[in-house]
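Using only what follows, build the 3D model:
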Amino acid sequence: MAETHVLFVEDDDVIREATQLALERVGFTVTAMPDGLSGLEAFRADRPDIALLDVMVPGLDGVSLCRRIRDESTVPVIMLSARADSIDVVLGLEAGADDYVTKPFDGAVLVARIRAVLRRFGHAAGPDGGTGQGGTEGEAEGLGGVLVFGDLEVDTDGMEVRRGGEQVALTPTEMRLLLEFSSAPGTVLSRDKLLERVWDYGWGGDTRVVDVHVQRLRTKIGQDRIETVRGFGYKLRG
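Modelled structure (predicted):
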């Protein structure tokens, strides 16, 4: 089996070299670049399996680099930030990142987050194949492997989504999020539950990750399709 190829973009020489060694020690192949422009070139040349992008890098900052990558690929992206600043986090996620890690980080934690993201992308049907049990409100009309919610069709076998007959391009993380909602239409799913099922966070996590991805999903499938239940979470409307 081929080794996982990681693109790592970080301008701090010490952090870049130490992190590269830590990732290579556990079996990853790493291409490390000191700035955004060289990182974009490396991405296009090597087509890595996952990208780790520091927010504050010269030439082309990490958020802009994430947008450029997302324009060309659904490859998983993890943003790295020296601050847990809301603006940094939200900008990175809105640019298309799947997750973020705050520096300084423990090498083992970073490896765990990378592996969690890769598991999500390798198994788009949901963690452990699980699909929650839903109620009857807004229950989907089933057509074989296709779930229908108004003008929205979710093909759970082909991993495709159509809205009004037109195919909707979702990232794997967005697809997994939609599958969680569509497996339990009308059922309120808490942010913590979505973090556990979609992001594989067994220890909790930053719920902003969920909120931004829900908003991104809404722009693609319809703003009214996913309802916010204040104080509890979100649910898919039929």
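
quick one: what helix or strand has Val109 in it?
Element membership of Val109 [criterion: DSSP states H and E] is helix 107-122.

list the buried ones in that helix?
Along helix 107-122, these residues count as buried under the neighbour rule (16 or more other C-beta atoms under 10 Å): 110-111, 113-114, 116-117, 120-121. All C-beta spots, glycine's among them, are computed from the backbone N, C-alpha and C.

Ok, stretch 27-47 next?
Neighbour-count burial for stretch 27-47 [16+ other C-beta under 10 Å]: 28, 30-40, 42-43.

Let me see the domain layout of the chain.
Taking automatic domain parsing as the reference, the chain has its domains at 5-122, 127-236.

okay if I get those as TSV plus mean pLDDT?
Converted to TSV, those look like this (pLDDT from 0 to 100):
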stretch	mean pLDDT
domain 5-122	92
domain 127-236	82
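
So which residues lie in contact with the helix holding Val109, not counting its own?
Contact with helix 107-122 is made by 4, 6, 19, 22-23, 26, 28, 49-50, 52, 76, 78, 98-99, 101, 127, 172-173, 176, 198-201, as judged by C-beta atoms under 8 Å, 6 or more residues apart in numbering.

if we can go back for a sec, out of the buried residues of helix 107-122, the closest to Glu180 would be?
Using C-beta to C-beta, Arg120 is the member of those that lies nearest Glu180, at 11.5 Å.

Which residue would you name as the spatial centre of this protein?
In the chain, the centroid-proximal residue (C-alpha atoms, centre = their mean) is Asp98; its distance is 2.6 Å.

Can you give me every residue that contacts that one?
Going by C-beta under 8 Å, 6+ apart, Asp98 touches 76-78, 117, 120, 171-173.

For stretch 184-200, list every residue counted as buried.
184-189, 191, 194-200.

As a markdown table, those with distance to Leu60 would be great.
Output for the buried residues of stretch 184-200, formatted as a markdown table (distance: C-beta to C-beta, whole Å):
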| residue | distance to Leu60 |
| --- | --- |
| Ala184 | 40 |
| Pro185 | 41 |
| Gly186 | 44 |
| Thr187 | 42 |
| Val188 | 40 |
| Leu189 | 36 |
| Arg191 | 32 |
| Leu194 | 31 |
| Leu195 | 30 |
| Glu196 | 34 |
| Arg197 | 34 |
| Val198 | 29 |
| Trp199 | 27 |
| Asp200 | 30 |
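
Reformat these as CSV; add secondary structure and distance to Val63.
Shown next, in CSV, are the buried residues of stretch 184-200 (DSSP: H, G, I helix; E, B strand; the rest coil; distance: C-beta to C-beta, whole Å):
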residue, secondary structure, distance to Val63
Ala184, coil, 33
Pro185, coil, 34
Gly186, coil, 36
Thr187, coil, 34
Val188, coil, 32
Leu189, strand, 28
Arg191, helix, 23
Leu194, helix, 24
Leu195, helix, 22
Glu196, helix, 27
Arg197, helix, 27
Val198, helix, 22
Trp199, coil, 20
Asp200, coil, 24
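
Of these, which pair is most distant in space?
Using C-beta to C-beta, the two most remote members of the buried residues of stretch 184-200 are Gly186 and Asp200, lying 24.9 Å apart.

can you tell me which of the contacts of Asp98 are in strands?
Among the contacts of Asp98, DSSP state E puts 77-78 in strands.
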